[in-house]
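*Asks:* here is a sequence with its predicted model. Questions after.
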Amino acid sequence: MTRVSIIIPCHNSVSTLPDTLRSVVGQTFMDWEIIAINDGSTDDTRAMLDKYAAKDPRIRVVDGPGGGASAARNIGLKAAKGEIIAFLDSDDIWHKDRLARLLKFFTDSPRTDIAYSRFAFFTDTPGDNHTTSTVPAKALTVRDLLEENVVGTMSNLIVSRDILDQTGHFREDISHGEDREWLVRAAAKGFVIHGFDATLLHYRTSVGGLSTDLEKMYAGWRKSVETAGTLNALPSRGAVRSAEAVYLRYLARRAMRLGMPPRTAASYALRGVALSPASFFRDKRRGTLTLASALASVIAPRAMRAALLNR
């Protein structure tokens with residue numbers, strides 16, 4: 001049996017897909033298959049996938065109707081043969097040792113059901129942004145996931161097939177934050193989500209991508225709250241307000257990283273402070289710099305805003 005199935009949804013991905021595929025083909029761990037879903041592309045994505053598949057029999061191409069990333073991942077799961085499932089978006093890039101190191105962590109940690117790593121943001125090429133995520137030492141709770149989801153992206157997840165079967169697949173009515181909603185489901189059902197403290201993923205952010213529609217991300221967050229409530233795993237009302245304030249701080253920081261209109265970041269930051277000042281400033285340094293940068297963004301040059309945010 002194949003050890004790892006890597007599911008890659010692809011929609012009009014011709015400009016970024018080669019780097020993504022090369023990052024898998026170049027893995028030091030080689031017992032994998034790629035299930036690439038050509039999800040209704042209108043560019044040369046299918047031809048590019050066929051070209052790579054012709055060179056490497058571990059790559060299989062499946063056509064999807066253009067139903068979105070969650071639907072494409074669900075199609076990929078039906079075709080996957082591996083005992084471990086990994087996900088990768090068609091514009092992200094793995095470190096060459098990602099599978100080898102993360103699988104060792106996963107195997108050596110018997111109480112870990114879902115694993116992830118640190119990731120580094122980038123815009124055009126890995127290393128062009130010095131911002132990286134953090135990995136807490138403890139397992140993630142529902143409240144953690146409702147605050148600032150440190151997993152960050154589907155490209156950062158590996159999970160055994162049987163756990164996916166127990167949690168259910170991805171909700172196709174959520175276009176932003178479907179990863180968080182699934183993780184909330186998993187945590188609510190008692191599965192252990194642990195991070196490996198090494199940067200093994202490069203996560204692309206660019207204005208115009210799915211990860212830049214912040215209001216839809218916020219709507220996806222509210223879906224996760226609903227899911228937690230349905231599974232009787234919702235924290236107290238005060239804890240939810242606290243989580244929302246932290247999440248608004250996250251949206252403010254993301255707006256600034258992406259160079260979005262200055263008032264966007266200021267709006268999210270001020271809403272977060274109004275909702276729960278104690279939670280927004282729980283991390284005093286991050287809270288203070290986020291608010292200062294967001295307010296400065298309305299009047300300050302972009303270089304000054306970036307200098308504040310990256311401190």
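*Replies:* Everything's here; your move.

*Asks:* contacts, neighbours, all on C-alpha from now
*Replies:* Will do.

*Asks:* so which bits of the single longest helix found in the chain are buried?
*Replies:* Longest helix in the chain by number of residues, with DSSP state H as the criterion: helix 237-257. By neighbour count with 16 or more other C-alpha atoms under 10 Å, helix 237-257 contains the buried residues 239-257.

*Asks:* over to stretch 187-198?
*Replies:* Buried residues in stretch 187-198, counting neighbours by 16+ other C-alpha under 10 Å, are found at 187, 188, 191, 192, 193, 194, 195, 196, 197, 198.

*Asks:* among those, which are in helices?
*Replies:* Using DSSP H, the buried residues of stretch 187-198 in helices are 187, 188.

*Asks:* can I get the buried residues of stretch 187-198 in TSV including pLDDT and distance to residue 121?
*Replies:* Shown next, in TSV, are the buried residues of stretch 187-198 (pLDDT from 0 to 100; distance: C-alpha to C-alpha, whole Å):
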residue	pLDDT	distance to residue 121
187	97	26
188	96	29
191	97	27
192	97	25
193	97	22
194	97	20
195	97	17
196	97	17
197	96	16
198	97	14
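
*Asks:* just flag the most distant two among the buried residues of stretch 187-198.
*Replies:* Spanning the widest gap among the buried residues of stretch 187-198 are 188 and 198, at 26.1 Å by C-alpha to C-alpha.

*Asks:* after the helix or strand that residue 77 is a member of comes which helix or strand?
*Replies:* Assigned by DSSP states H and E, residue 77 belongs to helix 69-79. Going down the chain from helix 69-79, the next helix or strand is strand 84-87, by DSSP H and E.

*Asks:* okay, now the domains of this structure?
*Replies:* 4-214, 236-309 (automatic domain parsing).

*Asks:* for those domains, which has the smallest mean pLDDT value?
*Replies:* Mean pLDDT is lowest for domain 236-309 among those, at a mean of 88.

*Asks:* ranges for the strands of the protein?
*Replies:* Remark: strands assigned in the chain by DSSP state E are 4-10, 32-39, 59-64, 84-87, 93-94, 114-122, 158-160, 193-204.

*Asks:* got a markdown table for the ones you listed, with distance to residue 182 too?
*Replies:* Output for these, formatted as a markdown table (distance: least, C-alpha to C-alpha, whole Å):
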| stretch | distance to residue 182 |
| --- | --- |
| strand 4-10 | 16 |
| strand 32-39 | 20 |
| strand 59-64 | 21 |
| strand 84-87 | 13 |
| strand 93-94 | 22 |
| strand 114-122 | 11 |
| strand 158-160 | 12 |
| strand 193-204 | 12 |
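
*Asks:* out of those strands, which is closest to residue 280?
*Replies:* Comparing the strands of the chain by C-alpha to C-alpha, strand 114-122 comes nearest, at 22.7 Å.

*Asks:* and the closest one with strand 193-204, angle?
*Replies:* Relative orientation of strand 114-122 and strand 193-204, computed by axes from the mean of the first three to the mean of the last three C-alpha atoms, to 10 degrees: 30 degrees.

*Asks:* what does strand 114-122 contact?
*Replies:* For strand 114-122, the external contacting residues (C-alpha atoms under 8 Å, 6 or more residues apart in numbering) are 102, 106, 126-135, 151, 156-160, 191-205.

*Asks:* please apply the same query to stretch 221-230.
*Replies:* Under C-alpha under 8 Å, 6+ apart, the answer for stretch 221-230 is 142, 146, 177, 180, 181, 184, 185, 188, 234.

*Asks:* on that earlier part again, as a markdown table, the buried residues of stretch 187-198 with distance to residue 298 would be great.
*Replies:* Listed next are the buried residues of stretch 187-198 as a markdown table, based on distance: C-alpha to C-alpha, whole Å:
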| residue | distance to residue 298 |
| --- | --- |
| 187 | 39 |
| 188 | 40 |
| 191 | 43 |
| 192 | 42 |
| 193 | 38 |
| 194 | 38 |
| 195 | 36 |
| 196 | 37 |
| 197 | 35 |
| 198 | 35 |
